[in-house]
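K.L.:
Give me coordinates for this.
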Amino acid sequence: MPRETDPLVVAKIVGDVLDPFTKSVTLKVSYNGRDVSNGREFKPSQVERQPRVEVGGGDLQTFYTLLMVDPDAPSPSDPNLREYLHWLVTDIPGTTAVNFGQEVSCYECPKPTMGIHRFVFVLFQQLGRQTVYAPGWRQNFNTKEFAELYNLGSPVAAVYFNCQRESGSGGRRISN
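P.N.:
As a prediction, the model looks like this:
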């Protein structure tokens, strides 16, 4: 059996947060000029302010929803708050940046206290403008159910980074 190489599958983002999907839109996320790539390590001090996010897509008439979740809250060994919603922006026009969208759940910077957490940015294409609304809570958010509720379909892009407390050390262990 061939070994899986998709970093979203290897890190169990696909499974814990998302169903399998095919990326169809570019999504560029960066903190202070440092690009987020799958599995890259950031410390809480590096992600205090909301990131710069650029969305691809075909045109300004297509709108997107971006969300950021932590599937490892409050700790990777006992993620009983899975998923924790850190940010939700809707109505982002294609080919623009997230600041052209509507922030419906303000950015809450990651502050993991135990273990190494995965923070996932997920991008969905909306059916139209003003069709997605803020959830009533942040903890126990469910990306798959949220997408179903608002008819968002499968994600069009996703990327994640790892983060642990400021004084933490070591890398995430991937179990087979």
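K.L.:
Flag every buried residue along stretch 39-55.
P.N.:
39, 42, 44, 46, 47, 50, 51, 52, 53, 55 (16 or more other Cβ atoms under 10 Å). (Glycine included, C-beta is placed from N, CA and C.)
K.L.:
got the contact list for it?
P.N.:
When contacts are defined by Cβ atoms under 8 Å, 6 or more residues apart in numbering, stretch 39-55 is touched by residues 7, 11, 25-32, 34, 36, 64, 66, 87, 89, 92, 94-98, 107, 109-112, 119, 121, 123, 160-166, 171-172.
K.L.:
list the helices and strands the strand or helix carrying residue 118 packs on?
P.N.:
Following DSSP states H and E, one finds residue 118 within strand 117-125. Packing partners of strand 117-125 (3 or more Cβ pairs under 8 Å, 6 or more residues apart in numbering; DSSP states H and E): strand 27-31, strand 63-70, helix 143-149, strand 157-163.
K.L.:
Pull up the pairing partners for the last one, direction included.
P.N.:
With DSSP bridges as the criterion, the sheet partners recorded for strand 157-163 are strand 40-42 (parallel), strand 117-125 (antiparallel).
K.L.:
Work out the gap between that strand and the centre of the chain.
P.N.:
Remark: strand 157-163 is offset 6 Å from the chain centroid, using Cα atoms, centre = their mean, to the nearest Å.
K.L.:
in this protein, which residue is closest to the centre?
P.N.:
The chain has residue 121 as the residue nearest its centroid, 1.8 Å off, counting by Cα atoms, centre = their mean.
K.L.:
Tell me who's in contact with it.
P.N.:
With Cβ under 8 Å, 6+ apart, residue 121 has these contacts: 27, 29, 36, 53, 66, 67, 68, 158, 159, 160.
K.L.:
tally of neighbours for the second one?
P.N.:
The burial count assigned to residue 29 is 22, neighbours taken as other Cβ atoms under 10 Å.
K.L.:
Equivalent analysis for the first one, please.
P.N.:
Applying other Cβ under 10 Å, we find 22 other residues in the vicinity of residue 27.
K.L.:
ditto for the one 10 residues further on
P.N.:
Using other Cβ under 10 Å, residue 37 is surrounded by 12 other residues.
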